[in-house]
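Participant: coordinates for the following, if possible.
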Amino acid sequence: MTIHVLGVPMDLGSGRRGVDMGPSAIRIAGLSDRLKELGNRVIDEGDIDIKNIEELRVGDMKARYLKEIARASRIIAGKVEKITAHGHFPLVLGGDHSIAIGTVSGIAAHCRRKRKKLGLLWIDAHGDINTPATSPSGNIHGMPLAAVLGLGPKELTHVGGSFKKVDAANVALVGIRSLDDGEKKHLKQTGAHVFTMPDIDRQGIHRVMKKALARVTDGTDYLHVSFDLDAVDPTVAPGVGTPVKGGLDYREAHLIMELLSDSGRMTSLEIVEVNPILDENNTSAEFVVELVQSGFGKRIL
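Facilitator: Have a look, this model is predicted:
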């Protein structure tokens, strides 16, 4: 497989600094070499140029740094669409989760042009389905799922084209354990399927993933996986911007990626919210590399 690594060093959508260093930390942890060891060709596209927070105006307090995030999202979408059109695999490194607006929109634009259908697996502690009207913080990293479902400001929903990027019937969220009231409302309205941590506790990650994969692959041609590292418990991955106790354990996280690999359906992946400032000896970035390896076929035997 030819994998294109694209870094998006952005922390504008987050409420705290540091996730802009995530792509660098993941590369330092040996991402390219580990993927090459599995027989893949790796092309590192470098990082998208993002303006620093110090040189920008916040703008609308209900959608902070909207203008720059929208600009960056359009660039991401263009690059990801091009990679996908060549039949290659986009591996996008964040940065905060607002980058998913660009990633998903780029793949969706390709799908629309080829009359194909996209499925979306959202692995996260949070729903990220707020809009400026419902967000308690105004931080756009809590809005990307809403945007790709057509909710929120047109600066975000129209990235890659003025159409809904993915059908909620083909969206599954896994690992959810922290939702705002507005997010609960939007999830019920859209019909996106949610698997919470209590669901995983009761049913086991294997059964939950079987259900989630059935949802996101039903009639779809492409499957994008958006993995926010805060889905994993902070005891396993401490270097995240918004840690929430009670997340996926080490083996559950790996099994998710192993099952994705076994399915043969994953066509793009992004890993977001790695914050080296809050990490311990780059532990979280190294864990990300291990997860990516599992997603690309590494096995014990």
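
Participant: and Leu255, what does it touch?
Facilitator: 205-206, 209 (CB atoms under 8 Å, 6 or more residues apart in numbering). All C-beta spots, glycine's among them, are computed from the backbone N, C-alpha and C.

Participant: all strands for this protein, in order.
Facilitator: Here the chain has its strands, by DSSP state E, at 2-8, 41-47, 89-94, 118-123, 171-176, 193-196, 222-228, 268-272.

Participant: most neighbours of all the contacts of Leu255, which one?
Facilitator: With neighbours taken as other CB atoms under 10 Å, the top of the contacts of Leu255 is Met209, carrying 26 neighbours.

Participant: measure it to Phe195 for me?
Facilitator: Applying CB to CB, to the nearest Å, the value for Met209 to Phe195 is 8 Å.

Participant: how about the residue most central in space within the chain, what does it touch?
Facilitator: Central residue of the chain (CA atoms, centre = their mean): Ser226, 2.7 Å from the mean position. By CB under 8 Å, 6+ apart, Ser226 lies in contact with 97, 100, 103-104, 120-124, 144, 270, 272.

Participant: that one and Leu118: what is the separation?
Facilitator: Relative to Leu118, Ser226 is positioned 12 Å away (CB to CB).

Participant: picking up where we left off before, what's the overlap in contacts for Met209 and Phe195?
Facilitator: Counting by CB under 8 Å, 6+ apart, the common neighbours of Met209 and Phe195 are Val174.

Participant: contacts for stretch 50-64?
Facilitator: By CB under 8 Å, 6+ apart, stretch 50-64 touches 8-13, 17, 20, 65-68, 72, 132-133, 135, 138-140, 143, 152-153.

Participant: let's see that with 6 Å instead.
Facilitator: 9-10, 65-66, 68, 72, 132, 138 (CB atoms under 6 Å, 6 or more residues apart in numbering).

Participant: so which of those residues is the closest to Lys184?
Facilitator: Closest to Lys184 out of these is Pro132 (17.2 Å), distances taken as CB to CB.

Participant: tell me, what's the model's pLDDT at that closest one?
Facilitator: Looking at Pro132, its pLDDT is 97.

Participant: from the contacts of Ser226, which is closest to Val236?
Facilitator: Ile123 (13.7 Å).

Participant: and the pLDDT at that closest one?
Facilitator: Taking Ile123 on its own, its pLDDT is 98.

Participant: tell me if I'm right that it and Leu173 touch.
Facilitator: No - with contact defined as CB atoms under 6 Å, Ile123 and Leu173 do not form a contacting pair (7.8 Å).

Participant: sorry, back to before: can you list the contacts of stretch 50-64 in TSV and add distance to Ile50?
Facilitator: Formatted as TSV, these follow (distance: CB to CB, whole Å):
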residue	distance to Ile50
Pro9	6
Met10	5
Tyr65	10
Leu66	14
Glu68	7
Ala72	6
Pro132	21
Gly138	19
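
Participant: show me where the chain has helices.
Facilitator: Using DSSP state H, the helices of the chain run over 22-28, 31-37, 66-85, 100-114, 144-148, 154-157, 181-190, 197-203, 205-217, 250-263, 283-295.

Participant: mind listing the residues bridging to the residue nearest to the centre of the chain?
Facilitator: Trp122, Glu270 (DSSP bridges).

Participant: check Asp44 too.
Facilitator: Listed by DSSP bridges, the beta-bridge partners for Asp44 are Val5.

Participant: now it: how far from His4?
Facilitator: On the measure of CB to CB, Asp44 and His4 end up 8 Å apart.

Participant: of the two, which one has the most company?
Facilitator: Neighbour totals were compared for Asp44 and His4, and His4 leads with 21 against 15 (other CB under 10 Å).

Participant: who's in contact with the more buried one?
Facilitator: Neighbours of His4 in contact, by CB under 6 Å, 6+ apart: 43, 45, 83, 88, 90.

Participant: now a PyMOL select for only the buried ones of those residues.
Facilitator: The following PyMOL line selects those of these that are buried, judged by 16 or more other CB atoms under 10 Å:
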select buried, resi 45+83+88+90
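
Participant: mind putting the contacts of His4 into TSV with pLDDT and distance to Asp181?
Facilitator: What follows is these, written out as TSV (pLDDT from 0 to 100; distance: CB to CB, whole Å):
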residue	pLDDT	distance to Asp181
Ile43	98	43
Glu45	97	39
Ile83	98	38
His88	98	41
Pro90	98	34
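
Participant: between the contacts of His4, which is nearest Thr220?
Facilitator: Among the contacts of His4, and counting by CB to CB, the member closest to Thr220 is Pro90, at 16.5 Å.

Participant: hang on, isn't that closest one packed against Val80?
Facilitator: Yes - using CB under 6 Å, Pro90 is in contact with Val80, at 4.8 Å.
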